[in-house]
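Trainee: Provided below are the primary sequence and the corresponding predicted coordinates.
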Amino acid sequence: MNSEKDLGSEIFLDSMEDAHIQHLIRLAQDPTLADLMGWDTCFEDHETAAFIEAISLFAFPYSRASKPVVFGIYVKPQIQPIGYVVLKGLNMDLFTAEVGIAILDRKYWSQGIGKQSLQLIMNYGVKELRLRTLAAATLVTNKRSVQLFQKLGFKVRETWYRSWPMPNGELADMLWLEWTA
């Protein structure tokens, strides 16, 4: 899905080959990401299917087992993705899905790329898949993620206290955020 025309920027979403996923796996080795994302981001390069499965796990009661819609986030002139966006748990009876996003390459943090990428996947979900509600789960402590979703109109629906097992074994609080078209 080349969408650079949508925003007039150098950011676009596109499908990924195994080599691109392997690149994301190497970026995910950054130890600070485990604390931000709440899961063990350490995969071996050849574990592309396990990586896609990990980013495709869903949490909401209305979510359904479905094939995830995963795109790499690309910034021209880079030929490798700097992160990913995913629509998962698609429930086409209710026109809902969960959205996940991660900018894994830290040199692209705090540049508005996450916001533009999230806008692109939201537009794709509404226009192409006719979704009406998008949900997101994020750690309460991941302030950047919470602010990003709220800037784009997601509202906190619920706090799940001590609900998410962190890689260190502790239980963390999660936010359930929703956006309605």
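Mentor: Looks like it came in fine. Numbering: from 1, shown residues only.

Trainee: okay, strands next: where are they in the protein?
Mentor: For the chain, the strands defined by DSSP state E cover 11-14, 69-75, 83-91, 96-103, 133-139, 155-165, 171-180.

Trainee: point out the other helices and strands that the shortest one packs with.
Mentor: Put plainly, it is strand 11-14. With contacts defined as 3 or more CB pairs under 8 Å, 6 or more residues apart in numbering; DSSP states H and E, strand 11-14 has these neighbours: strand 69-75, helix 113-127. Where you see a C-beta, it was placed from the backbone N, CA and C, and this is true even at glycine.

Trainee: what sits against residue 23?
Mentor: Neighbouring residues of residue 23 by CB atoms under 8 Å, 6 or more residues apart in numbering: 80-81.

Trainee: typo on my end, it should be residue 132
Mentor: Residues in contact with residue 132, defined by CB under 8 Å, 6+ apart, are 94-96, 126, 180-181.

Trainee: can you give me the offset of stretch 149-157 from its chain's centre?
Mentor: Centroid separation between stretch 149-157 and its chain, computed with CA atoms, centre = their mean, to the nearest Å, is 14 Å.

Trainee: got the contact list for it?
Mentor: For stretch 149-157, contacts defined as CB under 8 Å, 6+ apart pick out 115, 118-119, 122, 134-136, 138, 175-179.

Trainee: can you do 7 Å?
Mentor: Here stretch 149-157 makes contact (CB atoms under 7 Å, 6 or more residues apart in numbering) with 115, 118-119, 122, 136, 138, 175-179.

Trainee: now, among the residues you listed, which is nearest to residue 60?
Mentor: residue 176 (6.9 Å; CB to CB).

Trainee: excluding sequence neighbours, find me the nearest residue to residue 76.
Mentor: residue 10 (4.1 Å; CB to CB, 6 or more residues apart in numbering).

Trainee: now for residue 133, how many residues are close by?
Mentor: Burial measure for residue 133: 17 neighbouring residues, criterion other CB atoms under 10 Å.

Trainee: burial count for the nearest residue to it once chain neighbours are set aside?
Mentor: Leaving out its chain neighbours, the residue that sits closest to residue 133 by CB to CB, 6+ apart is residue 96, at 4.5 Å. Residue 96 has 21 neighbouring residues, counting by other CB under 10 Å.
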